[in-house]
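>>> how does the following fold in three dimensions:
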Amino acid sequence: MSRDRVLERGSHLYLWFICLVAGAGGILFGYDVVVVSGTTSQVTELFHFTSNQLGFFVSSVLLGCGIGSFLSGFVADAFGRKALIVMASILIFISAVWSGLAADAMQLIIARLIGGMGIGAATMVCPLYISEVAPEEHRGRLITLYQFTITIGIVVCVFVNYGIFRYAEANRASDTLPALWKWFAVDQNWRAMFTAEAVPAVLFLACTAFLPETPRWLTKRGRTEKALKVLQRINGTERAKAVEAEIQEAVRGETDVGLFDLFTPRLLRPLLLSWLICFFAEACGIAAVMYYGPAIFEKAGFVLSDALGGFSSIALVNMLATIAALRFMDTLGRRKLLLIGSAGALVAHLVIGVLFRADNEGMPIVIAINAFVAFFACAIGPVKFVFISEVFPNRIRGQAISVASIAIWLTSAGVAWLYPVMGEVIGEANIFFVFAFVLLLSIPFYLFLMPETKGRTIEELEREFLRHH
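Just a heads-up that it's a prediction; the model follows:
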């Protein structure tokens, strides 16, 4: 297709390409979510962690995510979405290398905090980027691409962890390997697991060269001609002019909107809705399953090697279920998906709790945990990213999303930190009953308080929320 024809009609291929590149940041998030799950047993033994110390080590990356997410909003609004994506990939690369070479527990935790800052920035800016380039009829599906790439990262990491562990087991008694390599990849193979994340970080950094800046940020900075060119390539000439005019009108109407307005009646409603959606999405226990999955399987009667292998089923189910979210996000809508996913996840948690209480070990628990992951991945997980990317004004969207995302990281960090402690205090079964209760509380919220955002432009949603106070 000629360039003139592309400008006249727009290119869905180009739209999907840049959304896939931006969404690839999810691979790093997904990888980082589960890389620690393959290291907890070895790191605990090496550094003599208590349950509380183990919880802090696992949650340290999530605390870093909270810091990175909060600060990234200011960077995204001041320097652009693309600049923040580049910065995030660099931080993740530094963390991967340093984590693998850490001399003690303190260095390891600091390295994980740095990586968390990169992950938090990527998790804020990648859905934001997609929401600002995607037409409203495809926006939900395209933002869900980010959740899908998270699942790809999880799958990749699970198999990398498992491969490294099997390599170490096969070479444990070898006398032919170089001493440094044997220490790094065999005796303390958790180091290789962390360092392997540097590879996708470098690839992601290379891909960012193909990204344009978003039209909405360019318009906000007065660079309307460049914004129009990007819009033409995505939407075609006629539609691009209409979209650009709508963006300019929204930007003109936002001149009196500042960050502190998030805490006034004018914008408090979308902020509170976003916080609650993020809280319920994380408090339902996904962090416990992803960060402690192999340990949960060990408690269910599996040895570590089988637990790591069995964890691959969670990663695959997570990825396949997210495909359903891609299919239904813009047809069923956000609210119906959340109701279906929450009801299914609630039942799954009740089953898991009953199985643990009955000392029913083995495959039934694996199946029940996979059922929870499937319901989470097809609805609860992706909707939170879609919703918070849609409901804030252009002028402060980056900062607003970073504030809203704090609920993701603080809640997830709390679950990851408290899970091993709760296991000792109330037992494995009761933890999953607590998660089920959280899901029970979320259902009336989705049913009666959450607005549907499907099929509406960002500017239309902005006008509604700004006048609804």
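>>> how does this protein divide into domains?
Domain ranges of the chain: 11-211+253-467, 215-252, per automatic domain parsing.
>>> distance from the longest one to the middle of the chain?
Between the mean C-alpha location of domain 11-211+253-467 and the chain-wide mean there is a distance of 4 Å, by C-alpha atoms, centre = their mean, to the nearest Å.
>>> with the last one instead?
Once both centres are worked out by C-alpha atoms, centre = their mean, domain 215-252 turns out to sit 28 Å from its chain's centre.
>>> which of the domains of the chain is buried the deepest?
domain 11-211+253-467 (a mean of 21; mean count of other C-beta atoms under 10 Å). (Glycine included, C-beta is placed from N, CA and C.)
>>> state the mean pLDDT of that domain.
On average, the pLDDT along domain 11-211+253-467 is 85.
>>> what do you get for stretch 221-237?
For stretch 221-237, mean pLDDT is 86.
>>> can you show me the CA trace of that stretch as PDB?
The C-alpha coordinates for stretch 221-237 follow below in PDB (Å, rounded to 0.1, in the frame of the first residue of the first chain):
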ATOM      1  CA  ARG A 221       2.900  20.300  24.200                       C
ATOM      2  CA  GLY A 222       1.700  22.400  21.200                       C
ATOM      3  CA  ARG A 223       3.200  20.100  18.600                       C
ATOM      4  CA  THR A 224       0.000  19.700  16.600                       C
ATOM      5  CA  GLU A 225       1.500  19.100  13.200                       C
ATOM      6  CA  LYS A 226       3.500  16.100  14.400                       C
ATOM      7  CA  ALA A 227       0.400  14.800  16.300                       C
ATOM      8  CA  LEU A 228      -1.700  15.000  13.200                       C
ATOM      9  CA  LYS A 229       0.900  13.000  11.200                       C
ATOM     10  CA  VAL A 230       0.800  10.200  13.800                       C
ATOM     11  CA  LEU A 231      -3.000  10.300  13.800                       C
ATOM     12  CA  GLN A 232      -3.200  10.200  10.000                       C
ATOM     13  CA  ARG A 233      -1.000   7.100   9.900                       C
ATOM     14  CA  ILE A 234      -3.300   5.400  12.300                       C
ATOM     15  CA  ASN A 235      -6.800   6.700  11.400                       C
ATOM     16  CA  GLY A 236      -6.500   8.100   7.900                       C
ATOM     17  CA  THR A 237      -6.700  11.800   6.900                       C
END
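>>> begin at 633 from now on, thanks
Okay, residue one is now 633; in that scheme the one you just asked about reads as stretch 853-869.
>>> could you pull out the helices for the stretch 833-982 of the chain?
Using DSSP state H, counting those that start in this stretch, the helices of the stretch 833-982 of the chain run over residues 847-852, 856-867, 869-884, 897-915, 918-931, 936-960, 966-989.
>>> list the helices and strands the shortest one packs on?
Helices and strands touching helix 847-852, as assessed by 3 or more C-beta pairs under 8 Å, 6 or more residues apart in numbering; DSSP states H and E, comprise helix 737-765, helix 856-867, helix 869-884.
>>> go through those and name the closest to Val831.
Val831 lies closest to helix 737-765 among those, at 14.2 Å (C-beta to C-beta).
>>> show the subsequent helix or strand relative to the closest one.
Next along the chain after helix 737-765, taking DSSP states H and E as the criterion, comes helix 768-802.
>>> and that next one with helix 918-931, angle?
For helix 768-802 against helix 918-931, the angle by axes from the mean of the first three to the mean of the last three C-alpha atoms, to 10 degrees is 30 degrees.
>>> quick one: name whatever helix or strand follows helix 768-802.
Following helix 768-802 in sequence order, the next helix or strand is helix 811-814 (DSSP H and E).
>>> what does that following helix rub up against?
Helix 811-814 has contacts (C-beta atoms under 8 Å, 6 or more residues apart in numbering) with 803, 806.
>>> following the chain onward from it, which element is next?
helix 822-827.
>>> mind exporting that following helix as PDB, just the C-alpha atoms?
Taking Å, rounded to 0.1, in the frame of the first residue of the first chain, the C-alpha atoms of helix 822-827 are listed here in PDB:
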ATOM      1  CA  TRP A 822      19.100 -18.300  41.400                       C
ATOM      2  CA  ARG A 823      21.600 -15.800  40.200                       C
ATOM      3  CA  ALA A 824      21.300 -17.000  36.600                       C
ATOM      4  CA  MET A 825      17.500 -16.800  36.900                       C
ATOM      5  CA  PHE A 826      17.600 -13.100  37.900                       C
ATOM      6  CA  THR A 827      20.300 -12.200  35.300                       C
END
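>>> what's the closest non-adjacent residue to Phe816?
Leaving aside its chain neighbours, Phe816 sits nearest to Arg823 (5.2 Å; criterion: C-beta to C-beta, 6 or more residues apart in numbering).
>>> so who does the one you found touch?
When contacts are counted by C-beta under 8 Å, 6+ apart, Arg823 is found next to 731-734, 816-817.
>>> farthest-separated two in the residues you listed?
Ala734 and Ala817, at 15.3 Å, using C-beta to C-beta across the contacts of Arg823.
>>> residues touching the residue lying closest to Gly747 once chain neighbours are set aside, list them.
Sequence neighbours aside, Ser727 is the residue nearest to Gly747 in space, at 2.8 Å (criterion: C-beta to C-beta, 6+ apart). Residues in contact with Ser727 (C-beta under 8 Å, 6+ apart) are 743-744, 746-748, 750, 829.
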